[in-house]
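Chemist: sequence plus predicted model, see below.
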Amino acid sequence: KEKDPNQEEFHQAVYVIFKSIKPVLVKNPHYIHHNILERIVEPERLITFRVPWVDDQGNIQVNRGYRVQFNSAIGPYKGGLRFHPSVNTSIIKFLGFEQIFKNALTGQPIGGGKGGADFDPKGKSDGEIMRFCQSYMMELANHIGPDTDVPAGDIGVGAREIGYMFGQYKKIKRSFEAGVLTGKGLLYGGSLARKEATGYGAIYFVKEMLNDQGQSIAGKNVVISGSGNVSIYAIEKAMELGANVIACSDSGGYIYDPDGINLDTVKQLKEVQRRRISEYALIHPSATYMEGSSGIWSIPCDIALPCATQNELDGKAAKTLVENGVKIVAEGANMPSTADAIALFLESNILFGPAKAVNAGGVAVSALEMGQNSSRMAWTFEEVDKKLQQIMKDIYQNSVQAAEAYHKPGNLISGASIAGFTKVADAMIEQGVI
Ligand code: NDP
């Protein structure tokens with residue numbers, strides 16, 4: 001904290017991981033002898049840069065670009081790019097730090113990285129988005145490559161932005177290196193099922209949690225915050241498995257329909273028209289729209305999936321969820337629950353799925369996209385989806401087993417952190433002091 005003041009989100013992410021791995025350090029003091037903790041919180045490299053671009057009125061705008069290359073112990077840096085006005089060093093470092101352990105959990109050979117810019121894509125024209133992406137890639141291209149660092153999407157970065165960045169990278173390098181970015185369009189090296197992978201993966205993980213209780217998701221009432229990439233495909237898979245998804249949101253507010261929301265309308269509004277979720281209630285008068293996104297947690301439900309952004313579910317919201325009888329909370333977004341919310345869920349014996357396990361399906365399928373690119377193969381949707389299901393099962397089992405091995409049965413936050421940490425730490429030790 002002394003070295004990096006004002007990095008609250010980063011400190012929060014480190015706190016949660018270090019707390020979870022305490023039993024590992026007690027049992028294996030060699031991690032302390034190798035000074036792994038101090039080494040692992042220091043990024044291998046943090047790059048910031050100027051991103052100048054020209055808006056539609058001809059004004060020159062400037063944003064700040066970031067890439068953190070946090071840890072390459074088990075593979076090339078891998079992690080998404082976030083375009084959102086809240087992006088700063090703390091946000092990028094928390095996301096990059098989490099990514100190290102998440103990527104290790106997937107079982108794929110990928111290290112941890114993350115990046116983005118404090119650029120707000122809302123209300124920008126296609127031309128403005130393209131010019132921004134091209135300027136951002138002009139600098140980022142110096143730092144990435146299929147064997148060094150492979151970015152993907154995150155908040156505000158989807159297939160459109162990846163396309164513009166890929167086009168610019170190809171032009172700069174004069175070489176078609178498909179494996180330099182993931183989340184690409186299907187016409188130029190993207191993988192089937194990548195778009196769906198994070199949301200589907202989250203539901204596959206919840207399915208495993210329920211299986212262990214002898215239950216299924218069918219008939220359960222589910223609340224899913226956000227209405228972006230992760231939320232939409234979590235809603236889709238949950239509905240396919242018979243759940244009743246009764247609410248979703250955006251940063252302005254939430255919609256609630258006790259009979260189940262209409263996913264086609266959400267997709268049309270968000271994926272095609274890039275509109276606000278408030279407009280849903282104009283199309284479906286049976287639904288209620290409420291201003292303020294955090295109110296979504298006041299809706300009674302069996303399963304709550306925060307899939308929007310960090311710290312969207314605080315202690316107060318957690319208390320309401322618990323009082324209303326929630327059984328499972330699984331994090332589709334990165335660090336959506338505050339530390340006090342997590343503590344309350346654990347105390348109240350709510351089944352809690354932590355982000356680094358629950359949302360790892362996205363990056364896992366990104367690694368499968370890299371594999372398809374380097375072998376010049378394209379797998380079917382069914383092949384990728386089958387692998388994703390197996391990966392989510394393995395992540396669940398590995399987290400359960402690690403929690404048991406360190407006397408924290410049922411505590412998936414400890415289990416997931418321990419399983420990810422030990423793999424990365426052991427690889428770091430084998431590679432010497434680098
Ligand atoms: P998108 O940009 O597609 O969607 C983000 C959604 O969250 C939008 O509906 C947005 O609403 C909403 N949102 C943003 N800020 C807030 C807020 N303060 N309160 C309520 N809602 C808000 O992003 P993704 O779906 O890709 O990402 C969502 C989360 O999942 C992030 O935490 C991301 O890091 C994580 N994640 C994503 C992966 C992926 O593959 N995409 C992989 C693993 C994790 P609005 O439009 O109003 O801003």
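Modeler: Yep, that arrived.
Chemist: could you report the distance from the closest residue to Gly332 other than its chain neighbours to Lys267?
Modeler: Counting by Cβ to Cβ, 6 or more residues apart in numbering, the nearest residue to Gly332 once its immediate chain neighbours are dropped is Cys307, at 3.4 Å. Where C-beta positions appear, they are placed from N, C-alpha and C, glycine not excepted. Distance of Cys307 to Lys267, given as Cβ to Cβ, to the nearest Å: 15 Å.
Chemist: and Pro52, by the same measure?
Modeler: For Pro52 relative to Lys267 (Cβ to Cβ), the value is 35 Å.
Chemist: show me what contacts whatever residue of the stretch 101-250 of the chain ends up closest to the ligand?
Modeler: The stretch 101-250 of the chain approaches the ligand most closely through Gly228 (1.7 Å), counting by Cβ to the nearest ligand atom. By Cβ atoms under 8 Å, 6 or more residues apart in numbering, the contact set of Gly228 is Ile155, Asp250, Lys270, Cys307, Ala308.
Chemist: repeat for Ala378
Modeler: Taking Cβ under 8 Å, 6+ apart, one finds Ser191, Leu192, Gln372 in contact with Ala378.
Chemist: coming back round to it: the contacts of Gly228: which ones sit near the ligand?
Modeler: Among the contacts of Gly228, the ones lying near the ligand by Cβ under 6 Å from any ligand atom are Ile155, Asp250, Cys307, Ala308.
Chemist: quick check, the last one in contact with Ser251.
Modeler: Yes - in terms of Cβ atoms under 8 Å, Ala308 counts as a neighbour of Ser251; the distance is 7.5 Å.
Chemist: shared neighbours, those two?
Modeler: The contact lists of Ala308 and Ser251 share Ser293, where a contact means Cβ under 8 Å, 6+ apart.
Chemist: quick one: stretch 369-389 near the ligand?
Modeler: No - Stretch 369-389 does not reach the ligand (Cβ under 6 Å from any ligand atom); its nearest approach is 11.5 Å.
Chemist: still on that earlier bit, how far away is the residue of the stretch 101-250 of the chain closest to the ligand from Ile74?
Modeler: Gly228 is 29 Å from Ile74, by Cβ to Cβ.
Chemist: just the pLDDT at the residue nearest to Gly332, thanks.
Modeler: pLDDT for Cys307: 98.
Chemist: is it in contact with Ala330, as I believe?
Modeler: No - counting by Cβ under 8 Å, Cys307 stays clear of Ala330, with 9.3 Å between them.
Chemist: so what sits against both of these two?
Modeler: By Cβ under 8 Å, 6+ apart, the residues touching both Cys307 and Ala330 are Ala202.
Chemist: how about the residues of the chain by the ligand?
Modeler: 153-156, 198, 226-231, 249-252, 293, 307-309, 312, 332-334, 359, 362.
Chemist: farthest residue from the center of the chain?
Modeler: Gly58 (34.9 Å; Cα atoms, centre = their mean).
Chemist: before we move on, back to that, just the ones of the residues of the chain next to the ligand in helices?
Modeler: Those of the residues of the chain next to the ligand mapping onto helices are Thr198, Asn229, Val230, Ser231, Gly362, per DSSP state H.
Chemist: residues touching the fourth one, list them.
Modeler: Spelled out, that is Ser231. Neighbours of Ser231 in contact, by Cβ under 8 Å, 6+ apart: Gly199, Ile224, Ser225, Cys248, Leu305, Cys307, Ala308, Gly332.
Chemist: reformat these as JSON lines; add neighbour count.
Modeler: Shown next, in JSON lines, are the contacts of Ser231 (neighbours: other Cβ atoms under 10 Å):
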{"residue": "Gly199", "neighbour count": "28"}
{"residue": "Ile224", "neighbour count": "31"}
{"residue": "Ser225", "neighbour count": "29"}
{"residue": "Cys248", "neighbour count": "30"}
{"residue": "Leu305", "neighbour count": "32"}
{"residue": "Cys307", "neighbour count": "31"}
{"residue": "Ala308", "neighbour count": "25"}
{"residue": "Gly332", "neighbour count": "31"}
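Chemist: which of those sits closest to Gly163?
Modeler: Gly199 (20.8 Å; Cβ to Cβ).
Chemist: burial count for the closest residue in space to Ala364 that isn't next to it in sequence?
Modeler: Distances taken as Cβ to Cβ, 6+ apart place Thr106 nearest to Ala364, at 4.1 Å, with adjacent residues excluded. Residues within reach of Thr106, counting by other Cβ atoms under 10 Å, total 26.
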